[in-house]
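Chemist: Quick one, structure for this:
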Amino acid sequence: MPDWAEVIIRTVTAVLFLFILTRLLGKRQISQLSFFEYITGITIGDLAATVSLDIESKWFLGIISLSVWVLICISIEFLEIKSKKARDLIDSSATVLIKDGKILEDNLKKEKLTNEELLQQLRKKSVFRAAEVEFALMEVSGEINIMLKKEYQPLTPSLLGVKVAPEVEPQTIILDGVIMEEPLATIGRNINWLHRELEKIGVSLDNVFLGQVDAFGGLYVDLYDDQIKVPEPQERAVLRADLKKIEADLELFSLGTQNKEAKKMYEQSSIQLKQIILDLEYLLTR
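Modeler: Prediction:
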């Protein structure tokens, strides 16, 4: 067999076998790497290259070497899952770089990290002043995670006492002008409903690049033709306006009647409806 043909066969075999082994190792191998995972990636890559190009050696020996190495990796990962001491020994542990707003210089030296590199990592987290950081930690993967001081943390609805609707995964129901029937059924809708919604906004199905439905049933579409402006859905705004009109009508009825019982009923109904509108404000204005 010619050398070039053998190299092709060896390479294809190595790629296929490497793919299978990587699937066995799991997604951790393509995420942030620990020390051992970093060594594993280099070693497996080197062994796969040897299997592909070293035509003077027996190719199956490289396959055996790859298999043994992967078995060792899987065993070590299993050991790490079962034992924290093993995790600390193999992958080390996280290192505190900033505590109570104070940079720990000794820990920076331990991780061979300069102050410029620390500031660079903070900037990646959109923090440009070290004084804003309450706590910073270098993970075993080398990533630095931070917690800002209370006064520099962004405002959230919970801090403001504002209720927000629960966020549910949006469903993609149109891709490249094709209706995705399974996600459509997941939200309890059918194709007829989708066509009616597209008619409301004056859009044809074949012009839709992407279509999604949010947790509240609102349809968002992105069109192939970027010159066409898609109107925003107004159902919730219309519903809020209708409720406010009913509330105003109840107040008007209470002022217009001389019957004390009817007046009291209209006033109470108006107050109750006003409270309902306040409770649902975060839904109706979303």
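
Chemist: what number of residues lie near Gln121?
Modeler: Neighbourhood size, Gln121 [other Cβ atoms under 10 Å]: 19. Just so you know, the C-beta spots here come from the backbone N, C-alpha and C atoms, and that holds for glycine as well.

Chemist: wait, Leu104
Modeler: Quick note: Leu104 (other Cβ under 10 Å) scores 15 neighbours.

Chemist: try Val203
Modeler: Neighbourhood size, Val203 [other Cβ under 10 Å]: 19.

Chemist: Tell me the helices and strands packed up against whichever strand or helix holds Glu182.
Modeler: Element membership for Glu182 (DSSP states H and E) is helix 181-186. Counting contacts by 3 or more Cβ pairs under 8 Å, 6 or more residues apart in numbering; DSSP states H and E, helix 181-186 is packed against strand 171-175, helix 191-200.

Chemist: pLDDT of it, averaged?
Modeler: Helix 181-186 shows a mean pLDDT of 89.

Chemist: In the stretch 1-150 of the chain, what residue spans correspond to helices?
Modeler: Applying DSSP state H, counting those that start in this stretch to the stretch 1-150 of the chain gives helices spanning 3-25, 35-53, 59-82, 84-91, 105-110, 115-124.

Chemist: what about the third one, average pLDDT?
Modeler: When you say that, I think you mean helix 59-82. The average pLDDT within helix 59-82 is 73.

Chemist: Stretch 120-130 too?
Modeler: Stretch 120-130 shows a mean pLDDT of 90.

Chemist: Give me the contacts around it.
Modeler: Outside of stretch 120-130, the residues within contact range by Cβ atoms under 8 Å, 6 or more residues apart in numbering are 98, 103, 118-119, 133, 136, 144-146, 148.

Chemist: From one end of that stretch to the other, what's the distance?
Modeler: One end of stretch 120-130 sits 11 Å from the other (Cα to Cα, to the nearest Å).
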